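Student: got a sequence here, can you build the structure:
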Amino acid sequence: MSRVLKYIDFVAVLCLVEVAALASVAYALSCCFAPAPTACLAVGLGGFWYLQGRRLYAAWAEPPPSLAKVSVVIIGGGFSGLSLGAQLQKAGAVDFKIFEAAHDIGGTWLANQYPGARCDVDSDLYSLSYFQNPAWSTRRAAAPEIHAYLKRFADAENLWPKIQLKTKVADAVWDDAAHEWVVTTEAGAVHRAAYVISCCGALRHAILPDLKGRDSFKGHAFHSSQWGAAAPDLTGKRVAIVGTGASAVQIVPEITDAAKDVYVFQRTPNWFLGVGQKAEKKVPWVERQVYAYFPWVQRASQALKFLAMELMALLWLVTGSNSETFRALIQKDMEEIMADRPDLLKKVIPDYPLGCKRLLLAGDFLKALKKPNVHLVTDAIECVTPDGIRVRGGSDVPLDVIVYATGFDIEQSICGFKAVGRGGAVLRDRFRTHPTALHGITVPRFPNFFICLGPNTVLAHNSVLFMIERQATYILDCLRQMARGGVVAVEPLEARAEAWQQRMSEMSQSRNFVSTACQGWYKNADGGNFILWPSNLVHYWWLTRKVDLLRDYAMTFAPGRQ
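Tutor: Purely as a prediction, here's the structure:
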């Protein structure tokens, strides 16, 4: 009986997929007179749903090979690492470990627990597709709630036996003779595995500004990611927030009531979206109940919000008149909310194109700047003194606490440990001269080595969980093809990786984030786009829908299988 029900469920899903495909294609045809990007995106969605149906049918007709005999080390216990672990377990893998350097899982959402920390996309889009959360309490989920979700996910997938906490990897070295990676932890433990998957995340290595006298300050000073362990009670204190990026924008409104004075040191202003909208807007109880009892309603909501985010990105990420129009609308909103403070207005309106730096969600930040105990400082910092900060011109700002909300070193975060590949190649050194990975996942001279959220796969416009799931699917497909074909090692061809890098560079040229008008965290030392995915997400899905070992990879076969 259960098999019959399973078959009925499969047929129902397949029918829904085909209907969705037809609907998407119909929408594409209706867009004949619409802007080309809209029609292309609609056609892409049609193809996406159609091929999803074909994939479901293929999975039903020919079950994939088991991965019971593979050995894998996953480095990192955030969204990426846990997602890969769950997918490996479902694929039959037994011999895999998840190494996490911290005392708990969570990755970014464990490390960043400052006041106001929350995701910057709609909560509906911030759960894994196979582990929905109908109970998000706010429209932008807060860090503690996301961390709790990840722990529930680890419970549900029975991942805890595979997780080793307080286990920091020192290095991973490829043994070419054995076709294995030798992974050594900082405690000296040595582990061997056929595959290494780096899930270190993009927001791991904090950046502290190189300020003269930084260590001379007598009060409390710390990076925003160290808030839980280092932050004192701010009641009645004079507090400096150095930086006005995403972290600062969330912190400032949360501390203005407790602190005596808050000094916000701004180097470059930001463009803000959602001016006047509260980030912590509650999700109605009725909506949460509907999602819990009718999951398809939440999935429909996710699909609509996903599409809306993709279409909006066409307005502000792509250079041209649409971007300029969108910029004018955003500027008008900012001018309206700051109309009663012309002294601040000229300080908060950027002079660079929309998308050159990260577009931030305003929340209550601009309103907080207007409070009498909040001071926006745009003069450059000259040095840190024992009693505070001295700005250019000689003025001293007396302080009790300095919070450096100065972001993260993305390149260092991606290479969170020393990886040594074939012929002694070091990953960090390679990224300095060849800042690319095929599909953002695999790197020449690093066999059986995979990266989650590698070069050019971080997002500035939608939920990064989409990329994580796509990359997990790609990696599992690669392992299955290797198991089926008797392949013991793969690494991408140098020519394919170089072609991919060239493609990323060409695609980035029509995007605002490569503008020379500002220095965003998207760029590497040479000014190239090393971080962001430069197209829509349906495009990434299309490019990674199937691993092509024959075209893209050099393969080493087991004896007798070539």
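
Student: low-scoring stretches of the stretch 151-300 of the chain, by residue?
Tutor: 229-230, 275-279 (pLDDT under 70).

Student: could you pull out the helices for it?
Tutor: Remark: helices assigned in the stretch 151-300 of the chain by DSSP state H, counting those that start in this stretch are 227-230, 246-255, 285-293, 295-316.

Student: nearest to residue 386 among the ones you listed would be which one?
Tutor: helix 227-230 (18.4 Å; Cβ to Cβ). Heads up, the C-betas are built off the backbone N, CA and C, glycines and all.

Student: take the helices of the stretch 151-300 of the chain and write them to JSON lines, including distance to residue 430 and mean neighbour count.
Tutor: As requested, the helices of the stretch 151-300 of the chain are exported to JSON lines (distance: least, Cβ to Cβ, whole Å; neighbours: other Cβ atoms under 10 Å):
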{"stretch": "helix 227-230", "distance to residue 430": "34", "mean neighbour count": "13"}
{"stretch": "helix 246-255", "distance to residue 430": "29", "mean neighbour count": "24"}
{"stretch": "helix 285-293", "distance to residue 430": "45", "mean neighbour count": "13"}
{"stretch": "helix 295-316", "distance to residue 430": "30", "mean neighbour count": "16"}
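
Student: okay, the ones you listed in JSON lines with distance to residue 66 next?
Tutor: JSON lines is the format used below for those (distance: least, Cβ to Cβ, whole Å):
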{"stretch": "helix 227-230", "distance to residue 66": "42"}
{"stretch": "helix 246-255", "distance to residue 66": "42"}
{"stretch": "helix 285-293", "distance to residue 66": "34"}
{"stretch": "helix 295-316", "distance to residue 66": "29"}
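
Student: residue 377 is nearest to which of these?
Tutor: When those are ranked by proximity to residue 377 (Cβ to Cβ), helix 246-255 comes first, at 12.4 Å.

Student: quick one: closest of the helices of the stretch 151-300 of the chain to residue 554.
Tutor: Nearest to residue 554, of the helices of the stretch 151-300 of the chain and by Cβ to Cβ, is helix 295-316 at 34.7 Å.

Student: how big is the angle separating the helix or strand following that closest one from helix 295-316?
Tutor: Sequence order places helix 321-337 as the next helix or strand after helix 295-316, per DSSP states H and E. Orientation of helix 321-337 against helix 295-316 (axes from the mean of the first three to the mean of the last three Cα atoms, to 10 degrees) gives an angle of 100 degrees.

Student: helix 321-337: how far from the chain's middle?
Tutor: 26 Å (Cα atoms, centre = their mean, to the nearest Å).

Student: ok, residue 549 touching residue 487?
Tutor: Yes: Residue 549 is within contact range of residue 487, at 7.1 Å (criterion: Cβ atoms under 8 Å).

Student: those two: which has the busier surroundings?
Tutor: Neighbour count, other Cβ atoms under 10 Å: between residue 549 and residue 487, residue 487 has more, with 21 against 15.

Student: my guess is that one contacts residue 557, does it?
Tutor: Yes: under the criterion of Cβ under 8 Å, residue 487 makes contact with residue 557 at 5.7 Å.

Student: most centrally placed residue in the chain?
Tutor: Among the residues of the chain, the one closest to the centroid is residue 464, at 4.3 Å (Cα atoms, centre = their mean).

Student: next up, the contacts around that residue.
Tutor: Residues near residue 464 by Cβ atoms under 8 Å, 6 or more residues apart in numbering: 79, 453, 458.

Student: of the residues you listed, which belong to helices?
Tutor: Counting by DSSP state H, the part of the contacts of residue 464 found in helices is residue 79.

Student: quick revisit: now for residue 549 and residue 487: what residues contact both?
Tutor: Common neighbours of residue 549 and residue 487 (Cβ under 8 Å, 6+ apart) are 481, 555.

Student: which of the helices of the stretch 151-300 of the chain sits closest to residue 374?
Tutor: When the helices of the stretch 151-300 of the chain are ranked by proximity to residue 374 (Cβ to Cβ), helix 246-255 comes first, at 7.1 Å.

Student: how about that closest one as CSV, C-alpha atoms only?
Tutor: Taking C-alpha atoms only, helix 246-255 is exported to CSV below (Å, rounded to 0.1, in the frame of the first residue of the first chain):
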residue,chain,number,x,y,z
ALA,A,246,25.4,45.7,7.1
SER,A,247,26.4,44.9,10.7
ALA,A,248,26.5,48.5,11.8
VAL,A,249,23.1,49.2,10.3
GLN,A,250,21.6,46.5,12.4
ILE,A,251,23.5,47.4,15.6
VAL,A,252,23.0,51.1,15.9
PRO,A,253,19.2,51.2,16.3
GLU,A,254,19.4,48.5,19.0
ILE,A,255,21.9,50.3,21.3
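
Student: so, low pLDDT: which residues of the chain?
Tutor: Where the chain drops to pLDDT under 70, the residues are 1-62, 229-230, 275-279, 413, 513-527, 560-562.

Student: hmm, try it at 80
Tutor: 1-64, 202-205, 228-230, 274-280, 313-322, 354-357, 362-363, 409-416, 510-530, 559-562 (pLDDT under 80).

Student: helix, strand, or coil at the closest residue in space to residue 422 that isn't next to it in sequence?
Tutor: Nearest residue to residue 422 in three dimensions, chain neighbours excluded: residue 445, at 4.7 Å (Cβ to Cβ, 6 or more residues apart in numbering). Recorded secondary structure, residue 445: coil (DSSP: H, G, I helix; E, B strand; the rest coil).

Student: hey, where'd the strands end up in the stretch 51-200 of the chain?
Tutor: 71-75, 95-99, 163-164, 169-175, 180-185, 190-193, 195-198 (DSSP state E, counting those that start in this stretch).
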